[in-house]
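[1] give me a model of this one.
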Amino acid sequence: MTFRNPARRSRRPHRAGFTLLEIIIAVTIVAILAAVIVPRLAGWIGKAKTDRAKADAATLAKQVELYMTKYGVSRLPSGFALETLADGDDPMLRNRKQLLDPWDRPFEIRIPGQTNIDFDIISVGEDGELGTPDDIIGG
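    Here you go, the predicted model:
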């Protein structure tokens, strides 16, 4: 004869996992966070690229000034190209990638400058068009 323990109840097997409602709530929270964070992140990335382009343009301008000093030139010839800084046996720039802006477009040089007296170093910015508000001019 077997006796049952009255304190022992039959238990349903314990289920592991999430209910559909829990999954829907978690997905909704993630979607709301993404909707708030992604636009801000894109803005931060755009500002970082703009700041980098300004710094790179200023660096290139300093390299052009060093070139002028090195070769004893008071004014650049109208046909001067920034690629000249990376040419020769003793180049002013060791890496040609320094001639590209953060959007992988080449920096341009305008002689004489419109913003600066001798020359302007220009990045056409994110839109890739010269003469728009996102242009970056260093020098």
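
[2] assign a three-state SS to Ile122, would you?
    strand (DSSP: H, G, I helix; E, B strand; the rest coil).

[3] and the pLDDT for it?
    As predicted, Ile122 sits at a pLDDT of 91.

[4] the nearest residue to it once chain neighbours are set aside: neighbouring residues, count only.
    Sequence neighbours aside, Glu108 is the residue nearest to Ile122 in space, at 4.5 Å (criterion: C-beta to C-beta, 6 or more residues apart in numbering). C-beta coordinates here come from the backbone N, C-alpha and C atoms, glycine included. As a burial measure, Glu108 scores 18 neighbours (other C-beta atoms under 10 Å).

[5] next one: the one 3 residues further on
    Counted with other C-beta under 10 Å, the burial measure for Ile111 works out to 14 neighbours.

[6] and the gap between it and Ile122?
    Note on Ile111: its distance to Ile122, by C-beta to C-beta, to the nearest Å, is 11 Å.

[7] about what we covered before: make sure the residue nearest to Ile122 is actually in contact with Val124.
    Yes - assessed by C-beta atoms under 8 Å, Glu108 is found in contact with Val124 at 7.4 Å.

[8] got any residues that touch both of those two?
    Shared contacts of Glu108 and Val124, defined by C-beta atoms under 8 Å, 6 or more residues apart in numbering, are found at Leu130.

[9] now Ala58, nearest residue through space, not along the chain?
    Leaving out its chain neighbours, the residue that sits closest to Ala58 by C-beta to C-beta, 6+ apart is Gly138, at 4.7 Å.

[10] from memory the one you found sits against Ile121, does it?
    Yes - counting by C-beta under 8 Å, Gly138 does reach Ile121; the two are 4.5 Å apart.

[11] between the two, who's got more neighbours?
    Of the pair Gly138 and Ile121, Ile121 is the one with more neighbours under other C-beta under 10 Å, namely 27 against 21.
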